[in-house]
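Trainee: okay, sequence plus prediction incoming.
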Amino acid sequence: MQPEHEEAMRADFAERVRLIDEVYHAEHLDATSQEIEQYHRGIDRLDTAWSQGPHQQEWHYLRIAYTSWTRDANGARQHLDWARYYRDEIGQDQLTAVQWRSIEQAQELSGNTFAVDYERNAPDTYRCAPGTPIPKFGADRDRAPIERER
């Protein structure tokens, strides 16, 4: 795949994802059926152009990667870890350079770029250390009496 073809494919796929998001928002904002149909036609146009062209396998791989990241991010992350292990530790790269970039683009477009290995709502170590006073906020906070001049 030539670099300019790959660049065009990646731009078109990003547009496809944007249109999918537009459909979702249009359906929830009570858009007319003509507006929603217009978005679907745009998605179909992009899919048809790339699915029937010489780079249909790369487009298909990118669609599968994006679907994997949106539906099962943990499974996609395990697949990526497996591929990195084989590439870095064993020396057998199972993916082409275009496939690597497709996985990365799909991960970014799906919003799964960062893996959080901890529970976001868990108390942090500092606040739970014995003897550390926990600050009080709102109605629980200690209020000093306000002195006003008369």
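Mentor: Perfect, thanks for sending it. Here the structure is a predicted model, which is why all the values come from computation and not from measurement. Numbering: from 1, shown residues only.
Trainee: quick one: the spatially most central residue of the chain from Tyr24, how far?
Mentor: In the chain, the C-alpha nearest the mean C-alpha coordinate belongs to Gly111, at 1.6 Å (CA atoms, centre = their mean). Counting by CB to CB, to the nearest Å, the gap from Gly111 to Tyr24 is 13 Å. (Glycine included, C-beta is placed from N, CA and C.)
Trainee: same thing with Phe13?
Mentor: Applying CB to CB, the value for Phe13 to Tyr24 is 17 Å.
Trainee: and those two? Which one has more around it.
Mentor: For Phe13 versus Tyr24, the count of surrounding residues by other CB atoms under 10 Å is larger for Phe13: 23 against 12.
Trainee: what's the helix or strand for the more buried one?
Mentor: Element membership for Phe13, per DSSP states H and E: helix 3-28.
Trainee: what's around Leu95, how many residues?
Mentor: Other residues lying near Leu95 total 17 when counted by other CB under 10 Å.
Trainee: state the distance from it to Ala8.
Mentor: In terms of CB to CB, Leu95 sits 21 Å off from Ala8.
Trainee: same check, this time on Ile20
Mentor: 19 Å.
Trainee: for those two, indicate the residue with more neighbours.
Mentor: Remark: of Ile20 and Ala8, Ile20 carries more neighbours, 17 against 14, as counted by other CB under 10 Å.
Trainee: contacting residues for Ile36?
Mentor: 23, 26-27 (CB atoms under 8 Å, 6 or more residues apart in numbering).
Trainee: among those residues, which ones are buried?
Mentor: Of the members of the contacts of Ile36, the ones counted as buried by neighbours, 16 or more other CB atoms under 10 Å, are 23, 26.
Trainee: pLDDT on stretch 54-71, on average?
Mentor: Regarding stretch 54-71, the rounded mean pLDDT is 96.
Trainee: how far does that stretch sit from the chain's center?
Mentor: Centre-to-centre, stretch 54-71 and its host chain are 14 Å apart (CA atoms, centre = their mean, to the nearest Å).
Trainee: swap in stretch 57-74?
Mentor: 11 Å.
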